[in-house]
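Undergrad: Here is a sequence together with a model predicted from it:
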Amino acid sequence: MTTAATFRAATDAESSGFAQLLDEWAAAIVANDPERIAAFADRDWILVTPESGRIPLDRFCAVVSAGSLVHTEMSF
């Protein structure tokens, strides 16, 4: 395989792996499963929204766990 072909193959494999990761993250979000969601984030992860400002991961997961925030769809 040429260098360019090797690079393309590696890039395709990385893209496929990243797509799978995104699919798994979306499935965790739609399942409203705070443990699965947290597994995709660093402990210091913070969601920033115009409505609520900074939302730390533990607060986000608590709201999901309580059913106050429900996701029915996640797409990229």
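TA: Now that the structure is in, tell me what you want to look at. Numbering: from 1, shown residues only.
Undergrad: Let me see the ranges of the strands in the chain.
TA: All strands of the chain, identified by DSSP state E, fall at 46-49, 53-56.
Undergrad: tell me what the first one is packed against?
TA: With contacts taken as 3 or more Cβ pairs under 8 Å, 6 or more residues apart in numbering; DSSP states H and E, strand 46-49 sits against strand 53-56, helix 57-66. Every C-beta, even on glycine, is put in place using the N, C-alpha and C of the backbone.
Undergrad: quick one on the thing from earlier: mind putting the strands of the chain in TSV, mean pLDDT included?
TA: Output for the strands of the chain, formatted as TSV (pLDDT from 0 to 100):
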stretch	mean pLDDT
strand 46-49	95
strand 53-56	96
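Undergrad: Could you dump these into JSON lines with distance to R36 added?
TA: Supplementary listing: these in JSON lines, determined by distance: least, Cβ to Cβ, whole Å:
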{"stretch": "strand 46-49", "distance to R36": "16"}
{"stretch": "strand 53-56", "distance to R36": "18"}
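Undergrad: With F76 as the reference, name the closest of these.
TA: F76 sits nearest to strand 46-49 of all those, at 16.6 Å, using Cβ to Cβ.
Undergrad: How much space separates T72 from T3?
TA: 46 Å (Cβ to Cβ, to the nearest Å).
Undergrad: circling back to that earlier point, so which of the helices and strands packed on strand 46-49 comes closest to A38?
TA: Checking the helices and strands packed on strand 46-49 against A38 by Cβ to Cβ gives helix 57-66 as the closest, at 5.4 Å.
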